[in-house]
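J.: what shape does this take:
(one chain, ligands or ions: 1)
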Amino acid sequence: MKVRAIVLMGFMGTGKSEVGRRLAQRLGRAFVDTDQLVEERAGKRIAAIFSDEGEPAFRALERAAVADAAGRSGAVIALGGGAALDPQNVRCLRDAGILVYLTARPEIILSRVGDGAHRPLLRDDPRAAVTRLLAERGPVYAAAADVTVDTSERTAEEVVGEIQQALARSERWKSST
Ligand code: S3P
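T.: Here you go, the predicted structure:
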């Protein structure tokens with residue numbers, strides 16, 4: 001049987017990559033980060049893709065990276081913060097496994113993303129962008145999520161433990177493993 005993937009989604013600064021790496025290590029699974037796949041394929045950083053080619057070009061690369069990651073049986077997948085807004089990505093990821101939504105309070109996100117230098121969507125005014133994007137995206141993430149874990153004031157290791165507990169309670173996860 002195909003081993004189900006564990007997909008971490010949510011806003012920038014919720015710890016998807018750091019938590020995903022640790023979760024994969026703890027479970028002995030492969031780890032894939034869609035932002036990293038995009039950068040490897042494009043041969044440049046995400047900020048450069050946005051400035052040279054624009055956001056639509058980045059989203060097309062991201063869609064291809066999501067399809068690639070979803071095909072890696074049993075991987076822990078960390079998504080870029082916008083990937084789960086695309087219904088095609090969500091369908092593909094739900095077929096591959098379970099979607100774990102990582103959340104954090106706005107003040108915590110702001111303290112984690114700093115000046116937003118490496119994140120094109122936050123570069124101009126991080127506070128205003130975080131407020132606006134969280135309001136737009138929160139309901140979309142919530143609708144796609146199988147389980148939700150709050151990362152505010154938790155270390156990455158604590159979040160890994162919370163995810164394991166949440167999966168153990170999830171009927172969708174239990175019935176697919
Ligand atoms: C984005 C989040 C970033 C990256 C790109 C766009 C978004 O990933 O994919 O800058 O639209 O939220 P992280 O969530 O890993 O910062």
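J.: tell me what the lengthiest helix in the chain is packed against?
T.: Assignment by DSSP state H gives helix 126-144 as the longest helix of the chain. Secondary-structure packing of helix 126-144 (3 or more CB pairs under 8 Å, 6 or more residues apart in numbering; DSSP states H and E): strand 5-10, strand 97-103, helix 106-113. Glycine gets a C-beta too; all of them are placed from N, C-alpha and C.
J.: any idea which of the ones you listed is most buried?
T.: Most buried of those, by mean neighbour count (mean count of other CB atoms under 10 Å): strand 5-10, with a mean of 27.
J.: that strand pairs with which strands?
T.: Here strand 5-10 is paired, per DSSP bridges, with strand 76-78 (parallel), strand 97-103 (parallel).
J.: so can I have TSV of those showing distance to the ligand and mean pLDDT?
T.: What follows is the strands paired with strand 5-10, written out as TSV (distance: least, CB to the nearest ligand atom, whole Å; pLDDT from 0 to 100):
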stretch	distance to the ligand	mean pLDDT
strand 76-78	7	98
strand 97-103	10	98
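J.: so for residue 171, which of those sits nearest?
T.: Closest to residue 171 of the strands paired with strand 5-10, according to CB to CB: strand 97-103, at 10.7 Å.
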